[in-house]
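*Asks:* Below are the sequence and a predicted model; questions follow.
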Amino acid sequence: MDMEKVNSMDFGEFVDVFGNVVERCPLIAAAVWSQRPFSDLEDLEKHFFAFIDALPQSGQEGILRCHPDLAGRELQRGTLTAESQREQSSAGLTSLSADERLRLAELNAQYRARFGFPFVLAARLSDRAAVPRELARRLHCPPAQELRTALAEVKKIGHLRLADLLGVDPAGPQRPREPGAPDARRDARGPQPGAVRPGLEAVASLERRPHTRVKEGEN
Ligand SMILES: NC(=O)N[C@H]1NC(=O)NC1=O
């Protein structure tokens with residue numbers, strides 16, 4: 001989809017297409033529509049992200065609370081959004097063993113009890129081994145830092161979803177994906193323990209993650 005098409009969309013169409021760029025938060029697309037025209041993916045996502053950044057803390061936490069748990073009840077019940085289903089599946093979270101599921105459920109519950117919102121992570125940049133490891137690590141971060149980290153993950157998810165919708169390479173530059181080039185939407189590669197999916201390193205560092213510089217025990 002090119003930007004001319006995006007800029008020509010009426011309000012209803014725009015919200016239909018971009019309403020889940022931020023999980024279950026169509027209000028953000030509704031607000032962004034009035035900022036058109038947009039020049040490219042970067043320009044469009046800047047408006048989504050600026051909306052998130054301008055919210056009071058309660059609104060930012062509200063956005064996080066709209067996210068389903070990773071490998072949680074909604075996945076078991078089949079009630080995830082199509083985007084979330086695809087992301088969780090790409091990280092291998094749809095085929096966990098009972099033990100792995102239980103471990104994640106316990107960690108998710110501990111995280112929610114500590115911070116008051118669910119653990120959010122861009123699943124497409126992770127895998128079934130890294131998710132519980134990262135969850136266990138972030139569980140010990142200070143709340144203010146954790147809110148920033150979680151919102152940075154929301155932006156990575158949004159960036160990947162927007163790149164899918166526009167048919168551009170999520171790692172940039174902003175041009176239509178080459179025929180035959182890897183498509184993150186259909187990335188069926190197996191787990192890459194400890195590594196960001198090849199080709200998506202630039203997305204992973206969209207927001208420099210402060211936690212990478214926090215040593216164990218400093219929290
Ligand atoms: N809890 C959580 O991170 N959920 C989100 N992550 C992701 O990649 N897709 C989601 O729905």
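*Replies:* Thanks, I have it.

*Asks:* give me every residue that touches the spatially most central residue of the chain.
*Replies:* In the chain, the residue lying closest to the centroid (C-alpha atoms, centre = their mean) is Ile157, at 2.2 Å. Contact analysis of Ile157 by C-beta atoms under 8 Å, 6 or more residues apart in numbering lists Val22, Glu23, Glu87, Val120, Ala122, Ala123, Arg124. C-betas here are computed from N, CA, C, even on glycine.

*Asks:* how far away is it from the ligand?
*Replies:* When distance is defined by C-beta to the nearest ligand atom, to the nearest Å, Ile157 is 5 Å away from the ligand.

*Asks:* Thr149 now?
*Replies:* Taken as C-beta to the nearest ligand atom, the span from Thr149 to the ligand is 11 Å.

*Asks:* Among the contacts of Ile157, name the ones in helices.
*Replies:* Mapping the contacts of Ile157 onto helices (DSSP state H) picks out Glu87.

*Asks:* right, and the secondary structure at the residue nearest to the centre of the chain would be what?
*Replies:* Recorded secondary structure, Ile157: helix (DSSP: H, G, I helix; E, B strand; the rest coil).

*Asks:* For Gly12, give its distance to the ligand.
*Replies:* Gly12 is 24 Å from the ligand, by C-beta to the nearest ligand atom.

*Asks:* Could you look up the SS state of that residue?
*Replies:* From three-state DSSP, the assignment for Gly12 is helix.

*Asks:* Quick one: list the elements packing against the helix or strand Gln76 falls within.
*Replies:* Gln76 is located in helix 73-77, with elements delineated by DSSP states H and E. The elements that helix 73-77 packs onto, with contact taken as 3 or more C-beta pairs under 8 Å, 6 or more residues apart in numbering; DSSP states H and E, are helix 82-90.

*Asks:* buried sites along stretch 6-23?
*Replies:* Val6, Met9, Phe14, Val15, Phe18, Gly19, Asn20, Val21, Val22, Glu23 (16 or more other C-beta atoms under 10 Å).

*Asks:* swap in stretch 104-115?
*Replies:* Of the residues in stretch 104-115, Leu104, Ala105, Leu107, Asn108, Tyr111, Phe115 count as buried by neighbour count, 16+ other C-beta under 10 Å.

*Asks:* didn't the second one look like it was pressed against Gln76?
*Replies:* No - Ala105 is not in contact with Gln76 according to C-beta atoms under 8 Å; the separation is 9.9 Å.

*Asks:* still on that earlier bit, of the buried residues of stretch 104-115, which belong to helices?
*Replies:* Leu104, Ala105, Leu107, Asn108, Tyr111, Phe115.
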